[in-house]
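# Test case, fold it:
(one chain, ligands or ions: 1)
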Amino acid sequence: MKFIYFTDIHLCEGFDSDKGFERCLDSMLAHDPALLVNGGDLGVTPEAVSLYREMTKGLGLPLLHSNGNHEMCSGCLPRDLAGTASSSTDVDGVHFVILDVVRYFEPTEAHPANWHVLADESMLAWLEEDLSGLDRDTPLFVASHVPLSTTFPFRHGQRPGMDFPTNEVVNAHRILALLEPFANVATLHGHDHENCRHFVGDIEVMTTAAVAGNWWRNGLDSRTAGGREPQGYRLVNVDDNGAITSQYIPYSSDPESTAAYERRLESGRRFINVFDASPRTTVEVEGTPMNAIDPLAESSIHLSTHLYELPADFSSNQISARVIFEDGRVHDLDQTCEEVG
Ligand SMILES: [Fe+2]
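Next up, the predicted model:
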């Protein structure tokens, strides 16, 4: 079976968000998925929520939703109900869990956001009970708006492990421990507007870039700010043996949407940017295997995890590279260097 995860639409922001989401919907439905899973952040206004409901009514397939922090701003999620909307469902022999991890926070000078993120004891107990009768070979997906594993706070100047976090989930390690016994399991997240796939043991953590990209700042050409992912969504495949693979699919017509050769203007550093690489993706430049940047190095601040840095003395403006994804897809890149901000 196959399904689609899409997230962070942020309707009624920037330019052409309605046209963009319409194009995204058309592109997603063309895959004939068994269901759609929305990762949250429909938009900050009640109008955005109404527009989303209008545009998604009568799709004719299940549409799941995990609440984002903006659902509280828009009134879509009343404060006192935040944390109560966790649920699970089975579709075509696959178990889907939605965790409602965003909670209201009365803003202070030290913590100006009106929300924080946690899995409290009642959510953990509910999840343990929900999973208790499930065969360990059943394919399992757990969605929460904010990632259950991420280096984003470090890379973006926050202190990992902070009180009342906004980019981490308190008790995430306890959720992951509950998922660990399953043979085929992945988690689904948005919030960070970046692709960041990695593994915790055998659990694949799939954080997916935003439908809105960089908040529709350039309409249908709003690549995300740091990772420069084109606007898109994730097509997830579960094969007959339960094995999980996925592919990030841009919905624009950009022909160079898998990888790019970039030189960052400020630092002069050159990278192969593989927009949806994981540590299990192979990237070779002129036959030589490359390593992705270390996400916890000081030099990785403000960078995304799917960048492969070329040596400082590499100055050619033309490059040949090969990308081999875990599912066997091969992408050959033969490209001129692009200067990016
Ligand atoms: Fe968010």
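# Walk me through which strands the helix or strand that contains residue 261 pairs with, and which way each runs.
Using DSSP states H and E, the element containing residue 261 is strand 259-264. Strand partners for strand 259-264, identified by DSSP bridges, are recorded as strand 270-274 (antiparallel), strand 338-340 (parallel).
# Pick out the residue in the stretch 151-300 of the chain sitting closest to the ion.
residue 191 (3.9 Å; C-beta to the ion). All C-beta atoms are positioned from the backbone trio N, CA, C, and that covers glycine.
# Spit out the contact partners of that residue.
Applying C-beta atoms under 8 Å, 6 or more residues apart in numbering to residue 191 gives the contacts 7, 8, 39, 40, 41, 68, 69, 145, 146, 147, 167, 207.
# repeat that with 10 Å
Counting by C-beta atoms under 10 Å, 6 or more residues apart in numbering, residue 191 makes contact with 7-8, 39-41, 66, 68-70, 101-102, 117, 144-147, 150, 152, 166-167, 207-208, 210.
# Which of those residues fall in strands?
102, 117, 207 (DSSP state E).
# Same list, those, but only the ones touching the ion.
Among the ones in strands among the contacts of residue 191, not one lies near the ion by C-beta under 5 Å from the ion.
# Out of those, grab the one that's most surrounded.
The most crowded member of the ones in strands among the contacts of residue 191, judged by other C-beta atoms under 10 Å, is residue 102 (29 neighbours).
# Can you check the pLDDT for that one?
Per-residue pLDDT puts residue 102 at 97.
# Then residue 24?
Predicted confidence (pLDDT) for residue 24: 97.
# And it, how far from residue 63?
From residue 24 across to residue 63, the span is 13 Å (C-beta to C-beta, to the nearest Å).
# of these two, who's got more company?
With neighbours defined as other C-beta under 10 Å, residue 24 and residue 63 compare such that residue 24 has more, 24 against 12.
# what's the neighbour count on the closest residue to that one other than its chain neighbours?
Closest residue to residue 24 apart from its sequence neighbours, by C-beta to C-beta, 6 or more residues apart in numbering: residue 251 at 4.5 Å. Residues within reach of residue 251, counting by other C-beta under 10 Å, total 23.
# Would you check that residue 251 makes contact with residue 20?
Yes. Between residue 251 and residue 20 there is a contact under C-beta atoms under 10 Å: 7.8 Å.
# what's the overlap in contacts for these two?
Joint contacts of residue 251 and residue 20 (C-beta under 10 Å, 6+ apart) are 211, 220, 231.
# Please report how far residue 341 lies from residue 301.
Here the criterion is C-beta to C-beta. By it, residue 341 lies 16 Å from residue 301.
# now do residue 201
For residue 201, the distance to residue 301 - C-beta to C-beta - is 27 Å.
# what's the distance between residue 273 and residue 108?
38 Å.
# quick one on the thing from earlier: mean pLDDT lowest for which of the strands paired with strand 259-264?
strand 338-340 (a mean of 94).
# The stretch 1-150 of the chain: strands as residue ranges?
For the stretch 1-150 of the chain, strands defined by DSSP state E, counting those that start in this stretch occupy the ranges 2-6, 36-38, 63-65, 87-91, 94-98, 102-104, 115-117, 140-143.
# Need the strands paired with strand 259-264 in CSV (columns: mean neighbour count and distance to residue 236).
Output for those, formatted as CSV (neighbours: other C-beta atoms under 10 Å; distance: least, C-beta to C-beta, whole Å):
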stretch, mean neighbour count, distance to residue 236
strand 270-274, 23, 19
strand 338-340, 12, 29
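# Just put these in a markdown table and tack on distance to residue 121.
Shown next, in a markdown table, are those (distance: least, C-beta to C-beta, whole Å):
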| stretch | distance to residue 121 |
| --- | --- |
| strand 270-274 | 40 |
| strand 338-340 | 45 |
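# Let me have the ones you listed in JSON lines, extended by distance to the ion.
Listed next are the strands paired with strand 259-264 as JSON lines, based on distance: least, C-beta to the ion, whole Å:
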{"stretch": "strand 270-274", "distance to the ion": "23"}
{"stretch": "strand 338-340", "distance to the ion": "24"}
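# Looking at those strands, which is nearest to residue 314?
strand 270-274 (6.0 Å; C-beta to C-beta).
# Restricting to the shared contacts of residue 251 and residue 20, which residues neighbour the ion?
By C-beta under 5 Å from the ion, no member of the shared contacts of residue 251 and residue 20 lies near the ion.
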